[in-house]
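> prediction below, plus the sequence it came from.
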Amino acid sequence: QAVPAGSHVRLNLQTGEREAKLPDSENQQGDMREERRRKRYSVDVDSNSFTSQELKKALAKLKETEKAERKVRKQFPISEAKVRKKFRPIEQLKEEFEKLNVKMETDYEIMVKLISKFNSSASTLDEKVAALYDLEYYVHQV
């Protein structure tokens with residue numbers, strides 16, 4: 001089921017159902033560019049099947065939108081040099097943090113450590129529970 005952009009969506013683990021909540025009226029007043037950026041394409045899902053004509057129309061509409069977005073990107077190109085000037089590679093950031101005696105780890109590296117800690121026979125029950133709680137946090141982000 002398609003839901004409006006900006007809705008709060010969650011999976012209820014007790015019932016197994018997906019739930020959606022519309023945003024509060026005071027939070028609805030957002031930037032128009034942000035709303036356009038988060039715009040989702042939806043198809044009426046009241047019927048169980050779609051005709052080939054409906055699917056063709058939906059695909060044509062999607063292709064037209066993609067073409068329009070490409071035109072805008074061509075009019076306002078962002079050069080790779082500008083992006084490289086604004087952002088640094090992660091390897092460079094890691095080197096700079098090592099000089100400061102700060103070890104920077106990606107979420108993936110942290111999750112691998114937590115899984116190995118959980119699977120380790122040397123870990124106590126409390127350490128395993130703590131690893132699961134921490135792992136739950138990182139998995140939730142994914």
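Noted; the coordinates are in hand.
> right, and the helix or strand after the worst-scoring helix or strand of the chain on mean pLDDT?
Using mean pLDDT, DSSP states H and E, helix 32-37 stands out as the lowest-scoring helix or strand of the chain, at a mean of 50. Following helix 32-37 in sequence order, the next helix or strand is helix 52-75 (DSSP states H and E).
> okay, now the unreliable bits of this structure?
Along the chain, segments meeting pLDDT under 70 span 1, 25-49.
> assumed residue 139 was part of a helix.
Yes. Counting by DSSP: H, G, I helix; E, B strand; the rest coil, residue 139 is part of a helix.
> any idea how this structure splits into domains?
Under the assignment the TED database, the domains of the chain span 52-100, 107-141.
> end-to-end on the first one?
According to CA to CA, to the nearest Å, domain 52-100 extends 61 Å from its N-terminal end residue to its C-terminal end residue.
> quick one: it to chain centroid distance?
15 Å (CA atoms, centre = their mean, to the nearest Å).
> the most far-flung residue of the chain relative to its centre: what secondary structure?
No residue in the chain sits farther from the centre than residue 122, which is 35.3 Å out by CA atoms, centre = their mean. When classified by three-state DSSP, residue 122 comes out as coil.
> how much space is there between it and residue 128?
11 Å (CB to CB, to the nearest Å). Where you see a C-beta, it was placed from the backbone N, CA and C, and this is true even at glycine.
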